[in-house]
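**Q** Attaching a predicted model along with its sequence, questions to come.
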Protein chains: 2
Amino acid sequence: MPVNFATPAPEALFPIAGIRLGLAEAGIRKVDRRDLTLLALDAGCTVAGVFTQNRFCAAPVQLCRSHLDSGSEIRALVINTGNANAGTGEPGLRAAQATCAAVGQLLGVGADQVLPFSTGVILEPLPIDRLIAGLPRCVDDLAAGHWHAAAHGIMTTDTVAKAASRRLQINGRTVTLTGISKGAGMIKPNMATMLGFLATDAGVAEPLLRQLVREAADESFNCITVDGDTSTNDSFIVITTGQSGVSFSDASEPGYAELRAAVISVALELAQAIIRDGEGATKFITVAVEGGRDRQECKRVGYAVGHSPLVKTAFFASDPNLGRILAAIGYADIDGLDVDGVRVWLGRAGEEILVAEKGGRAESYREEDGARIMQEAEITVRIDLGRGPASGKVYSCDFSYDYVKINADYRT
Amino acid sequence: MPVNFATPAPEALFPIAGIRLGLAEAGIRKVDRRDLTLLALDAGCTVAGVFTQNRFCAAPVQLCRSHLDSGSEIRALVINTGNANAGTGEPGLRAAQATCAAVGQLLGVGADQVLPFSTGVILEPLPIDRLIAGLPRCVDDLAAGHWHAAAHGIMTTDTVAKAASRRLQINGRTVTLTGISKGAGMIKPNMATMLGFLATDAGVAEPLLRQLVREAADESFNCITVDGDTSTNDSFIVITTGQSGVSFSDASEPGYAELRAAVISVALELAQAIIRDGEGATKFITVAVEGGRDRQECKRVGYAVGHSPLVKTAFFASDPNLGRILAAIGYADIDGLDVDGVRVWLGRAGEEILVAEKGGRAESYREEDGARIMQEAEITVRIDLGRGPASGKVYSCDFSYDYVKINADYRT
């Protein structure tokens, strides 16, 4: 059960003018499962994305990069669950190309105007015939109101569909943002088996949108960890349709800051939903690091703490085993870190206690206070490195029996 | 239960002329537990060590470094279990100093001739009065034949005492090596809550011994991982007494190569014993990486695979989920890695099968073959990066429910 996250109701996910979504049961891996999702974009949209850094990046990721780089106007996204089409070599690439070609033919656009996405088991051939056979039913199903269905369509081991939506006024007009994401394991810096799609009816021109998608990922999907495994398929895509009449081509234009903040806010909600639904998660942990020389070292400390299986099992046990947190800070490989200058707080909503300073336990710390906070479902570890002005956050979850169970049983 | 490792019988652990060992129940953390171990060295020994890279290194580690650097002749080692004296700040350092002073006084040597070691819970004050009160009983207990008892004395969450011994002929004389180690969690590159002590009656002069201890650690304790957590207390110490009459001061001297090989062999056995007894381990996994440009990138790939919770849970489930191995290779951050040139084999004693090549599953691979090998308790993953002459190995274990159980319950 996710930690303080529930799928928004269908009516809380606002349509985005210029985008229609359609789903079908293609039988990729399981029956009675709408496992194929198509997004059809009107002409005039702008699309940008960031992708996994994994060297074994999946065939669809390779094609996404190439189609986005080609400068072709993107007119469709197609997403299958049940099979990642990763570690599938040359045949996998051909399967992804065939998928794009089939979508292009159905919608009357070029194959290079289609972005493909796959998620699921790695190293197994994509059942391309079944996938292509399902596409016409996706087209028949296309409708602007299908975001809720699409959020369900892209799930794998997720226990809950992840989506978020916002409406705000920018420059006197209503701008809408809606996004969906999936992922529960293989989550780590630079993304994971994680897909995120965020759309808005604001318009953002190409070079600026590429910058925005990077900034949003850096504040959201690149701040999360479930198990430290970076997947082969991670993709985060932002689509801007411009149909609200509000458009930007330069970051200095009035109203852009509001749009940027809204994009980051939705991306963060989608990213955090992945952690809240992390495999076996019972707690949501924010590791907030400050006082670093730069953001990078803050995130390195955040990830060391957020990744540590010893820290994560202690959270699962509600055990204020703070030594494990200090040990993780210590091995984060921060050059010249003076541990005597490091301070650590443990917090929950409305309460924060100093637990460590001067290289050891804080004198004021009482174990019963730590134990009380560790009982909470949402816990913040705040770390002041005491050596600079930078800060950075990492979001993680605890490590439970169920993580092992889910990952030991995944394919069976 | 450890994977294919049992403590050698007391008589299989040969005494080392020049070293006596004594134990006592000091009540550091538990009652009815010999938790304090003293090694008394004759005059004329040479001692060198390598220690944790963790910035929050424990007070005893700081003292060990300083006493070894001072050039004082080391005459005793004192090891307590039950408390790591780490994250204990200035009082912790004073406690470690008081321990050395007390040992020095009992043995008639200086405090700076004593090396202290602590293992156990972090961030709790060392009960120094009880520790010091136990020391005279350690002295009373000193005997050359107590290696077996000492291997038990230094355990924490270990389920089995770890020790190894060798006798060999070098330059016509009998040389003996005996070592003990402890550690089961917080195991990672550059060592972990891991203590290793290796002694020999060969003599190795100071600069050469410092080199030897580094080489031996690099081939053994720095090749293992249980959970990727590097502890605050890791120490690996080599003591040479010289009392066999065989001594070396230069690596080119006849017989030194044999001694070096024996030291590495014992260190490797002690390090592997830690993995075989890894918290919750049911399988022992060797990740053998070859074809790399340098040893460092081979070990980086080995660690990526050996650390991955997804790979480790798949091994626990005997699931040949090879995609997770490829994904881990892919995120090991090897610059310019051509995944099409990577080949991966899965092996057990007497059998090895090619499972992946050309960016995907090998054509000859049959899942039933993979499944058969995954049933074994000892499995090798061999990875050829296909881009150079270097190689490197990493030893790991699987990730089971019991890992979570042990670490969630550790302090309760």
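**A** Thanks, I have it.
**Q** and the longest helix that chain A contains, anywhere near chain B?
**A** If you go by DSSP state H, chain A has its longest helix at helix A:256-276. No. Helix A:256-276 is not in contact with chain B by CB under 8 Å from any CB of the partner chain; minimum separation 15.2 Å. Every C-beta, even on glycine, is put in place using the N, C-alpha and C of the backbone.
**Q** helix or strand right after that helix?
**A** strand A:284-292 (DSSP states H and E).
**Q** Show me what that next one is packed up against.
**A** helix A:256-276, helix A:295-307, strand A:378-384, strand A:390-397 (3 or more CB pairs under 8 Å, 6 or more residues apart in numbering or on different chains; DSSP states H and E).
**Q** and the third one, average pLDDT?
**A** Per-residue pLDDT values over strand A:378-384 give a mean of 97.
**Q** Also stretch A:199-208?
**A** Average pLDDT, stretch A:199-208: 96.
**Q** Using PDB, write down the CA coordinates of it.
**A** These are the backbone C-alpha positions of stretch A:199-208, laid out as PDB (Å, rounded to 0.1, in the frame of the first residue of the first chain):
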ATOM      1  CA  ALA A 199       1.700  17.600 -20.800                       C
ATOM      2  CA  THR A 200       0.500  21.200 -20.800                       C
ATOM      3  CA  ASP A 201      -1.600  23.300 -23.100                       C
ATOM      4  CA  ALA A 202       1.000  26.100 -22.600                       C
ATOM      5  CA  GLY A 203       3.400  26.400 -25.400                       C
ATOM      6  CA  VAL A 204       7.200  26.300 -24.900                       C
ATOM      7  CA  ALA A 205       9.500  26.600 -27.900                       C
ATOM      8  CA  GLU A 206      12.100  24.000 -28.500                       C
ATOM      9  CA  PRO A 207      15.400  25.100 -27.000                       C
ATOM     10  CA  LEU A 208      13.600  26.300 -23.900                       C
END
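**Q** Need the residues that contact it.
**A** A:16-19, A:46, A:48, A:170, A:175-179, A:212, A:238-244, A:246-251, A:256, A:259, A:262-263 (CB atoms under 8 Å, 6 or more residues apart in numbering or on different chains).
**Q** Show me how far stretch A:136-152 is from its chain's centre.
**A** 21 Å (CA atoms, centre = their mean, to the nearest Å).
**Q** In CSV, could you pull the C-alpha coordinates for that stretch?
**A** In CSV, the C-alpha atoms belonging to stretch A:136-152 read as follows (Å, rounded to 0.1, in the frame of the first residue of the first chain):
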residue,chain,number,x,y,z
PRO,A,136,-6.1,-0.1,-34.2
ARG,A,137,-8.1,-0.5,-31.1
CYS,A,138,-6.0,2.2,-29.4
VAL,A,139,-6.8,4.5,-32.2
ASP,A,140,-10.5,3.7,-31.9
ASP,A,141,-10.3,4.5,-28.2
LEU,A,142,-8.6,7.9,-28.6
ALA,A,143,-10.2,10.6,-26.4
ALA,A,144,-9.0,13.6,-24.4
GLY,A,145,-10.4,12.3,-21.1
HIS,A,146,-8.4,9.1,-20.9
TRP,A,147,-5.5,10.2,-18.7
HIS,A,148,-6.8,8.1,-15.8
ALA,A,149,-7.0,5.0,-17.9
ALA,A,150,-3.5,5.8,-19.3
ALA,A,151,-2.1,6.1,-15.8
HIS,A,152,-3.3,2.5,-15.2
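**Q** Could you list the buried residues of that stretch?
**A** Residues A:137, A:138, A:139, A:141, A:142, A:146, A:147, A:148, A:149, A:150, A:151, A:152 are the ones in stretch A:136-152 that count as buried (16 or more other CB atoms under 10 Å in any protein chain shown).
**Q** ok, and the closest non-adjacent residue to the residue in the stretch 1-150 of chain A that chain B sits nearest to?
**A** Nearest residue of the stretch 1-150 of chain A to chain B (CB to the nearest CB) works out as residue A:122 at 2.5 Å. Using CB to CB, 6 or more residues apart in numbering or on different chains and skipping the chain neighbours, the partner closest in space to residue A:122 is residue B:323 (2.5 Å).
**Q** Repeat that for residue A:68.
**A** Using CB to CB, 6+ apart and skipping the chain neighbours, the partner closest in space to residue A:68 is residue A:49 (6.1 Å).
**Q** Look up which helix or strand residue A:20 falls in, please.
**A** strand A:19-24.
**Q** next helix or strand past that strand?
**A** strand A:36-41.
**Q** now that next one against strand A:19-24, angle please.
**A** With axes from the mean of the first three to the mean of the last three CA atoms, to 10 degrees as the basis, strand A:36-41 and strand A:19-24 are set at 160 degrees to each other.
**Q** on that earlier part again, name all residues that make contact with the residue of the stretch 1-150 of chain A closest to chain B.
**A** Shown in contact with residue A:122 (CB under 8 Å, 6+ apart): A:58, A:84, A:86, A:87, A:232, B:321, B:322, B:323, B:324, B:326, B:327.
**Q** measure residue A:297 to residue A:286 for me?
**A** 18 Å (CB to CB, to the nearest Å).
**Q** Could you do residue A:62 as well?
**A** Counting by CB to CB - residue A:62 and residue A:286 are separated by 34 Å.
**Q** Looking at those two, which is more packed in?
**A** residue A:286 (19 against 16; other CB atoms under 10 Å in any protein chain shown).
**Q** before we move on, back to that, let me see the mean pLDDT of the strand holding residue A:20.
**A** 98.
**Q** picking up where we left off before, out of the contacts of residue A:122, which are buried?
**A** Counted by 16+ other CB under 10 Å, the contacts of residue A:122 give A:58, A:84, A:86, A:87, A:232, B:321, B:322, B:323, B:324, B:326, B:327 as buried.
**Q** could I get these as JSON lines with secondary structure?
**A** Shown next, in JSON lines, are these (DSSP: H, G, I helix; E, B strand; the rest coil):
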{"residue": "A:58", "secondary structure": "coil"}
{"residue": "A:84", "secondary structure": "coil"}
{"residue": "A:86", "secondary structure": "coil"}
{"residue": "A:87", "secondary structure": "coil"}
{"residue": "A:232", "secondary structure": "coil"}
{"residue": "B:321", "secondary structure": "coil"}
{"residue": "B:322", "secondary structure": "helix"}
{"residue": "B:323", "secondary structure": "helix"}
{"residue": "B:324", "secondary structure": "helix"}
{"residue": "B:326", "secondary structure": "helix"}
{"residue": "B:327", "secondary structure": "helix"}
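**Q** Let me know the closest of these to residue A:9.
**A** Distance ranking of the buried ones among the contacts of residue A:122 against residue A:9, using CB to CB, places residue A:84 first at 30.1 Å.
**Q** which residues touch that closest one?
**A** A:58, A:118, A:119, A:120, A:121, A:122, A:193, A:231, A:232, A:233, B:323.
**Q** what does the stretch 51-200 of chain A have sitting close to chain B?
**A** A:53-57, A:84, A:86-92, A:121-124, A:185-186, A:188.
**Q** can you rerun that using 6 Å?
**A** A:54, A:55, A:56, A:87, A:88, A:89, A:122, A:123 (CB under 6 Å from any CB of the partner chain).
**Q** Next: the stretch 251-400 of chain A.
**A** Residues of the stretch 251-400 of chain A lying near chain B (CB under 6 Å from any CB): A:308-310, A:313, A:316-317, A:319, A:322-323, A:326-327, A:330-331, A:337, A:339, A:358-361.
**Q** filter the residues you listed to the buried ones?
**A** Buried among those by 16+ other CB under 10 Å: A:308-310, A:313, A:316-317, A:319, A:322-323, A:326-327, A:330-331, A:337, A:339, A:359-361.
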